[in-house]
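> compute the structure for the input listed below.
(2 chains)
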There are 2 protein chains.
Amino acid sequence: MLHIPFQEVQAQLKALLMSRGCNEPHADLTAREIARNSLEGVYTHGINRFPRLMRNIDAGSVRLNREPEVVGGFGALVRMDGGMGLGVVNATRAMDKAIALAKVHGVGLVALRNTNHWMRAATYGYQACDAGMAAMLFTNTMPNMPAWGAVDARLGNNPLVLAIPHAGGHVVLDMAASQFSYGALELARLEGRKMPIDAGFDAQGALTRDPDAVIRSQRILPMGYWKGAGLSQLLDLLAGCLSLGNTTLGIGQLPGDEQGLSQVFIAIHYTALGGQAEIETLLQDTLDWVSASKPDGSGTPIRWPGSRVPEVRARNLAQGIPVDERVWQSILALQPGA
Amino acid sequence: MLHIPFQEVQAQLKALLMSRGCNEPHADLTAREIARNSLEGVYTHGINRFPRLMRNIDAGSVRLNREPEVVGGFGALVRMDGGMGLGVVNATRAMDKAIALAKVHGVGLVALRNTNHWMRAATYGYQACDAGMAAMLFTNTMPNMPAWGAVDARLGNNPLVLAIPHAGGHVVLDMAASQFSYGALELARLEGRKMPIDAGFDAQGALTRDPDAVIRSQRILPMGYWKGAGLSQLLDLLAGCLSLGNTTLGIGQLPGDEQGLSQVFIAIHYTALGGQAEIETLLQDTLDWVSASKPDGSGTPIRWPGSRVPEVRARNLAQGIPVDERVWQSILALQPGA
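Take a look at the predicted model:
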């Protein structure tokens, strides 16, 4: 395992994006967020996923130097078209717009269509929290999870983020509708690990913890069995209908890798209602109380969503980001002429 | 099993509420929605739960003849106080307000505090859909689910509803953060059934499908293991902080049965952006495609959330609502002088 400083990772990814003709602001933003994902321990949606983004740029399914355009609006509600551009740029702009709307209207909702993978969903929850807003956001994906009772994948795993600002580190839930993300399965396969609980069905229809078997069958288990399947279906319908973009059905009909996604960003300017000091006390007291639950004896630490981010970030800043050597070699090989 | 006409159920429940001094509009609304829950097959949150509501009215934890008051507002964002009144009335009024806000602002968000159990969460999703709005809404609850890795219940099961209008029957997901609701466990216990998958931990810390063991240990399994625990925690923090009301921590400190809940209602007037005909086509095509998935051979029907409601409603309207005879006797015994 290599340990590479954050700045070096960011500079390398930025240079690679610019080598394909990406403008500097977009390359800077995208490289920073992808490097930050690894910095904060979300390796599946950090450096490990960068070669796939570059393949999609080279294939033309991710188009460079696009800014999302407003195509409709009514008060606090705005519809944008991402022009099949860089997912990180489009999502950042959409959340910026939702935050701006919430400053005026108390709530802002942006529905974005024709965009691409936003990498780590939580990124845009942190963005809202840094602006003092609570947030709810979600995306659809390519078909990668079967409906409940089905064999073939016609649902996405459609991550959902719920986020609330907190002085001691924002509270951010980033949750796919499958029990595990494909990113997590891919990382486990890379490291030769089984999953700790059943992750899906194998080609014979049996439940399995083997990530490779699930990646091959494409039958990941919905989170909570039928519940995750229902959650996925509603998030997809909302994303598609609010943006008048693709649902998972349409994404699956596009050629090549996943593209043409629909996303929804809601920012909530709740501190405009006052009581900010009381809210922070309520939040801290509630987190403390839950964290002080009686442990079940299994050794599982009792944590809240996002609580580990500051410590992982600090460690990786100090020691460098741990990167699998083969992954880093594959990144270096993306240089023109390499 | 008795079969009782909807009108008779509604009239009986209404008369019982009025016998306690409830005003007629509140009694009418509450009785209609509770009867409708049983009519549409949600028996756990219909007639079966009515005796508990009456006990809470008699105990004073549910106060009659209260209307929720607006205590704060900023554009599309409104904070209301329910005055510990009837949960169905407060939630209906809050969603009415969110819909009215969305008509003006495109989106409306109402955060309601000091309310009581709203019975069936989906009710308010249907309310928004009937007004042509998509909706997201959630509530917190008393502590009834342990955090991940914990023994004692410091999270609620905090139902979440996502809803989108559909000409062929609204698509409405109503999902608690536990794998099963306590209502579902209570119904299974009443009928002497085990749950189809693990429902929680028994007193010895072992996973079990026995509803009685889980009701006694109060260790229900979060939906999707740690994921449902995280979802519950964020929904609780959002409900408490947006309303400046109780989180599950505060609810657990109140005496007697569950009371003093916090809820959030979001209405989305997405058809204001245009494209209504295209949206309905997209919705129908996507539902049809998922429903036509290849079955896994288990005999599990492939359905979308809410798809069964019209058929169950029609059957129970024609044949009467199936009611356990002991439950109905306990309802009749609530009459003054009975």
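
> pretty sure residue A:165 sits against residue A:127.
No. With contacts defined as C-beta atoms under 8 Å, residue A:165 does not count as touching residue A:127, sitting 11.0 Å away. The way it works is simple: take the backbone N, C-alpha and C, and place the C-beta from them, glycine included.

> ok, residue A:136 to residue B:232 distance?
The gap separating residue A:136 from residue B:232 is 15 Å, by C-beta to C-beta, to the nearest Å.

> out of these two, name the residue with the larger neighbour count.
residue B:232 (32 against 24; other C-beta atoms under 10 Å in any protein chain shown).

> would you map the strands across the stretch 151-300 of chain A?
Counting by DSSP state E, counting those that start in this stretch, the stretch 151-300 of chain A forms strands over residues A:153-155, A:160-164, A:171-175, A:200-201, A:207-208, A:261-268, given from the N-terminal end onward.

> residues from the stretch 51-200 of chain A in reach of chain B?
Residues of the stretch 51-200 of chain A lying close to chain B (C-beta under 8 Å from any C-beta of the partner chain) are A:72-77, A:79, A:104-109, A:111, A:134, A:136, A:146-152, A:154-155, A:162-164, A:171, A:173, A:175, A:179, A:197.

> mind giving me the ChimeraX command for buried ones among those?
Buried subset of these, written as a ChimeraX selection, criterion 16 or more other C-beta atoms under 10 Å in any protein chain shown:
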select /A:72,73,74,75,76,77,79,105,106,107,108,109,111,134,136,146,147,148,149,150,151,154,155,162,163,164,171,173,175,179
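
> next step: the residues of the stretch 51-200 of chain A next to chain B restricted to helices.
Here DSSP state H is the test, and these give A:104-105 as lying in helices.

> can you get me a residue count around residue A:200?
Considering only other C-beta under 10 Å, residue A:200 is surrounded by 25 other residues.

> list the contacts of the closest residue to it other than its chain neighbours.
Ranked by C-beta to C-beta, 6 or more residues apart in numbering or on different chains and with sequence neighbours excluded, the top spatial neighbour of residue A:200 is residue A:214, at 3.7 Å. Residues counted as contacts of residue A:214 (C-beta atoms under 8 Å, 6 or more residues apart in numbering or on different chains) are A:185, A:199-202, A:208, A:220.

> same thing but at 7 Å, please
With contacts taken as C-beta atoms under 7 Å, 6 or more residues apart in numbering or on different chains, residue A:214 has the following neighbours: A:185, A:199-200, A:208, A:220.

> any chance of those in a markdown table, plus pLDDT?
Written out in a markdown table, the entries for the contacts of residue A:214 read as follows (pLDDT from 0 to 100):
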| residue | pLDDT |
| --- | --- |
| A:185 | 90 |
| A:199 | 92 |
| A:200 | 93 |
| A:208 | 91 |
| A:220 | 92 |
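
> can you list those residues in a markdown table and add distance to residue B:40?
Output for the contacts of residue A:214, formatted as a markdown table (distance: C-beta to C-beta, whole Å):
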| residue | distance to residue B:40 |
| --- | --- |
| A:185 | 38 |
| A:199 | 35 |
| A:200 | 33 |
| A:208 | 37 |
| A:220 | 31 |
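
> got a winner among those residues for most neighbours?
Neighbour counts for those were taken using other C-beta under 10 Å; the highest belongs to residue A:220, which has 27 neighbours.

> flag the shaky bits of chain A, pLDDT-wise.
Of all residues in chain A, none has pLDDT under 70.

> hey, where'd the helices end up in it?
With DSSP H, the ranges of helices along chain A come out as A:6-19, A:24-39, A:50-59, A:87-105, A:122-130, A:182-191, A:211-217, A:226-243, A:248-253, A:276-291, A:309-319, A:325-332.

> relative to helix A:325-332, how tilted is the third one?
So that's helix A:50-59. Inter-element angle recorded for helix A:50-59 and helix A:325-332: 30 degrees (by axes from the mean of the first three to the mean of the last three C-alpha atoms, to 10 degrees).

> report the distance from helix A:50-59 to the chain centre.
In this view, helix A:50-59 has its centroid 17 Å away from the chain centroid, taken as C-alpha atoms, centre = their mean, to the nearest Å.

> how about the fourth one?
Its chain's C-alpha centre and that of helix A:87-105 lie 16 Å apart, by C-alpha atoms, centre = their mean.

> can you pull the buried residues of that helix?
Judged by neighbour count using 16+ other C-beta under 10 Å, the buried positions of helix A:87-105 are A:87-99, A:101-103, A:105.

> which helices and strands does it pack with?
Counting contacts by 3 or more C-beta pairs under 7 Å, 6 or more residues apart in numbering or on different chains; DSSP states H and E, helix A:87-105 packs against helix A:24-39, strand A:77-81, strand A:107-115, helix A:122-130, strand A:261-268.

> can you check the fifth one too?
Counting contacts by 3+ C-beta pairs under 7 Å, 6+ apart, helix A:122-130 packs against helix A:87-105, strand A:134-139, strand A:160-164, strand A:171-175.

> switch the cut-off to 8 Å
For helix A:122-130, the elements it packs on are helix A:24-39, helix A:87-105, strand A:134-139, strand A:160-164, strand A:171-175, judged by 3 or more C-beta pairs under 8 Å, 6 or more residues apart in numbering or on different chains; DSSP states H and E.

> flag every buried residue along it.
Neighbour counts using 16+ other C-beta under 10 Å place A:122-129 of helix A:122-130 among the buried residues.

> now that helix against strand A:160-164, angle please.
Between the axis of helix A:122-130 and that of strand A:160-164 there is an angle of 20 degrees, by the same axes, to 10 degrees.
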